[in-house]
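Student: Requesting a structural model of the entry that follows:
(2 chains)
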There are 2 protein chains.
Amino acid sequence: MKTTHIPPDWAFEFHGHRCPFMPIGYRMGKLALEYLNVEREKDHGFFVFPEIGEGHPQACMADGMQAATGATYGKVLMAKTFYGKLAATFFHPQKSAVRYSLRPEFVDAFGKFEFFAYRKKGVEPSQIPQKLVDEVINWVYEQSDDSMFKIEPRPDFKFVPVKGSFNKDKCSICSEYVFERYLRMKDGKPVCIPCSGYEK
Amino acid sequence: MKTTHIPPDWAFEFHGHRCPFMPIGYRMGKLALEYLNVEREKDHGFFVFPEIGEGHPQACMADGMQAATGATYGKVLMAKTFYGKLAATFFHPQKSAVRYSLRPEFVDAFGKFEFFAYRKKGVEPSQIPQKLVDEVINWVYEQSDDSMFKIEPRPDFKFVPVKGSFNKDKCSICSEYVFERYLRMKDGKPVCIPCSGYEK
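Tutor: Just a heads-up that it's a prediction; the model follows:
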């Protein structure tokens, strides 16, 4: 059962290298859009919360989710939860939410490919022999959605983005613009966080 | 002085709409790569710290930075500082670091375009008349680098990414895989953060 949710070339170009994780995240994102019956997000109305963190492999999934859904980090539509899990919750305020996670059986089968032996030796994805990269990517493309993903509806999921404002003022020390929410007060004057010396 | 650092079509497709901020971030990223004399990052060796936050406009810049530099959120190479400032620090461990920020005079001139009147009324970028979008994007393309950006070398900038590990174990409650760094202990057994009930 071959998937049709294969990333376009530009998604690989964006990502920077060929690896199997970006395509897995891409597929997860496309399936979640279908599940929730929404289009790829042009503006600011769809949110993705990948459960990945730092200091572990397979985080590349999040780039595939950005590419598939349009819920990008720059548009403030994506935020990692730092749970260290291969899963994500997809949320549309006018629809609902759904969580997709990788099945442990899939992760186990996947981990046996030689691609991972190179990664564990510290070889970067762009330096791994093309044949081994294609082998694991093509294997992923051949797996069924059911064998890869656990799907959990999340009807009670809640998220309210912070209220936006265009207000800004200049820091009285460095004279750079600061959006109001991030202005701090020091010696009676508005300053930016770095000039304030405060942590946040 | 027309810039040559114009985003490719795929960068707009990735971003989801046409707006002037993504191209500004793209240009900032390309200039920083040139300044530091490095190539677009294929793997995991270049870091970008945009100073933007949430609840303010112009955050779209970060998507342009991802597209230009290859330092993507999914590859754990980009992290916002949440200072609410229109700036970013670009860091290559084997080279150096540089901070680019938007000059306040540029921000003021930029803010007079009709595009912003629509944004302030709450109109999403994809719904703003194409003519007004193109007007402001083309104006940005015509501005010189010097008139837009302040450049600050940051020779003392330090950042050490966390040490990575492939170790993982299953949560004893939900049976999903968790990378070791994020496993917690509860009643003597390893669990994931959501199952633990701990905040982090």
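Student: Is the helix or strand encompassing A:Y118 positioned near chain B?
Tutor: In this structure, A:Y118 is located in helix A:114-120 according to DSSP states H and E. Yes: using Cβ under 8 Å from any Cβ of the partner chain, helix A:114-120 comes into contact with chain B via A:116, A:119-120. For glycine as for every other residue, the C-beta is placed from the backbone atoms N, C-alpha and C.
Student: Likewise for stretch A:5-24?
Tutor: Yes: judged by Cβ under 8 Å from any Cβ, stretch A:5-24 comes into contact with chain B through A:10-11, A:13-17, A:22.
Student: re earlier: quickly check: the helix or strand following the helix holding A:Y118 near chain B or not.
Tutor: For helix A:114-120, the following helix or strand on the C-terminal side (DSSP H and E) is helix A:130-142. No: counting by Cβ under 8 Å from any Cβ, chain B is not contacted by helix A:130-142; separation bottoms out at 12.4 Å.
Student: Sort out for me which of the residues of stretch A:5-24 next to chain B are in helices.
Tutor: Secondary structure assignment by DSSP state H places A:10-11, A:13-15, A:22 of those in helices.
Student: Turn the residues you listed into a markdown table, including neighbour count and pLDDT.
Tutor: Conversion of those to a markdown table gives the following (neighbours: other Cβ atoms under 10 Å in any protein chain shown; pLDDT from 0 to 100):
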| residue | neighbour count | pLDDT |
| --- | --- | --- |
| A:W10 | 16 | 98 |
| A:A11 | 21 | 98 |
| A:E13 | 16 | 98 |
| A:F14 | 25 | 98 |
| A:H15 | 27 | 98 |
| A:M22 | 30 | 98 |
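Student: ok, those residues vs A:A68, which is closest?
Tutor: A:A11 (7.9 Å; Cβ to Cβ).
Student: What is the nearest of the residues of helix A:114-120 next to chain B to chain B?
Tutor: Taking Cβ to the nearest Cβ as the measure, chain B sits nearest to A:K120 out of those, at 5.6 Å.
Student: was I right about the closest one contacting B:N167?
Tutor: No: assessed by Cβ atoms under 8 Å, A:K120 is found out of contact with B:N167, at 10.5 Å.
Student: for the residue lying closest to A:E152 once chain neighbours are set aside, helix, strand, or coil?
Tutor: Taking Cβ to Cβ, 6 or more residues apart in numbering or on different chains, and ignoring the residues beside it in sequence, A:E152 has A:R99 as its nearest neighbour in space, at 4.4 Å. Here A:R99 is recorded as strand under DSSP: H, G, I helix; E, B strand; the rest coil.
Student: need the contact list for A:R99.
Tutor: A:87-90, A:151-152, A:154 (Cβ atoms under 8 Å, 6 or more residues apart in numbering or on different chains).
Student: which residues does A:P8 contact?
Tutor: A:A67.
Student: residues contacting the residue nearest the centre of chain A?
Tutor: Among the residues of chain A, the one closest to the centroid is A:A62, at 2.6 Å (Cα atoms, centre = their mean). In this structure, A:A62 makes contact with A:25, A:50, A:52, A:78, A:80, A:88, B:73-74, judged by Cβ under 8 Å, 6+ apart.
Student: Let me see the ranges of the helices in chain A.
Tutor: Taking DSSP H as the test, the helices found in chain A are A:9-15, A:21-36, A:61-69, A:104-110, A:114-120, A:130-142, A:145-148, A:193-196.
Student: Was I right to think A:E176 contacts B:P104?
Tutor: Yes: checked against Cβ under 8 Å, the pair A:E176 and B:P104 is within contact range at 6.6 Å.
Student: Great, nothing more from me.
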